[in-house]
Every structure is written in structure tokens, then in C-alpha cells.
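Visitor: only geometry, no sequence info:
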């Protein structure tokens, strides 16, 4: 496949990793950076669900409906 250069996706929230650390003498790959982003995004998502709640509002809040005014 020409122009299709994507690393593996090894992120697994069940492992409870807190971040990715650099290691002396080890070659950095794009997956190292991508994995760290996935970990940070999952932590951010979980924090928001904990703080805001799974629905974000006790009522329909800003629910989008098909009825436009």
C-alpha cells in the first residue's frame, strides 16, 4: 500500500499505564509518542466523566434534536 505508513496500536486501558518514558540508547519511534497521547487522552476522558458525569447534564442540557427553531 503506497502512502499508508501507520504504526501499531497497542493501547490497552486495562493495563493502567500512566505514561511513556524515554530510555537512553533506545531508538524513538512514532508509536512511543502516539501511545503517550492515547494514555493522556484516556486519562483526560476518565477525569471528565468523573467530574462532569457520563451525561454532562441532569436533564437534556444541550441535546441536539431534529427540530430547528
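Guide: Cool, got the structure. As the structure is a prediction and not an experimental result, all values here were calculated from the model.
Visitor: which SSE is residue 45 in?
Guide: Per DSSP states H and E: residue 45 is located in helix 30-52.
Visitor: for the record, mean pLDDT for that helix?
Guide: Averaging pLDDT along helix 30-52 gives 86.
Visitor: Return the distance of the residue nearest to the spatial centre of the chain relative to residue 30.
Guide: The chain has residue 41 as the residue nearest its centroid, 3.0 Å off, counting by CA atoms, centre = their mean. With distances taken as CB to CB, to the nearest Å, residue 41 is found 16 Å from residue 30. (C-beta placed from N, C-alpha, C; glycine too.)
Visitor: so residue 32 touches residue 23, yeah?
Guide: No - counting by CB atoms under 8 Å, residue 32 does not reach residue 23; the two are 9.4 Å apart.
Visitor: how about residue 59, what does it touch?
Guide: For residue 59, the contact set (CB atoms under 8 Å, 6 or more residues apart in numbering) is empty.
Visitor: hang on, the earlier thing: residue 32 and residue 23 - which one has more neighbours?
Guide: Higher neighbour count among residue 32 and residue 23: residue 32, with 15 against 9, using other CB atoms under 10 Å.
Visitor: That one - nearest residue in space that isn't next to it in sequence?
Guide: Nearest residue to residue 32 in three dimensions, chain neighbours excluded: residue 20, at 5.5 Å (CB to CB, 6 or more residues apart in numbering).
Visitor: Can you name the residues that contact that neighbour?
Guide: 32-33, 35-36, 39.
Visitor: Just give me the neighbour total for residue 61.
Guide: Residues lying near residue 61 (other CB under 10 Å) number 8.
Visitor: Relative to residue 40, how far out is it?
Guide: From residue 61 to residue 40 the distance is 26 Å (CB to CB).
Visitor: Please apply the same query to residue 21.
Guide: Residue 21 is 13 Å from residue 40, by CB to CB.
Visitor: Comparing the two, which shows the higher neighbour count?
Guide: Shown here are residue 21 and residue 40; by other CB under 10 Å, residue 40 has more neighbours (13 against 7).
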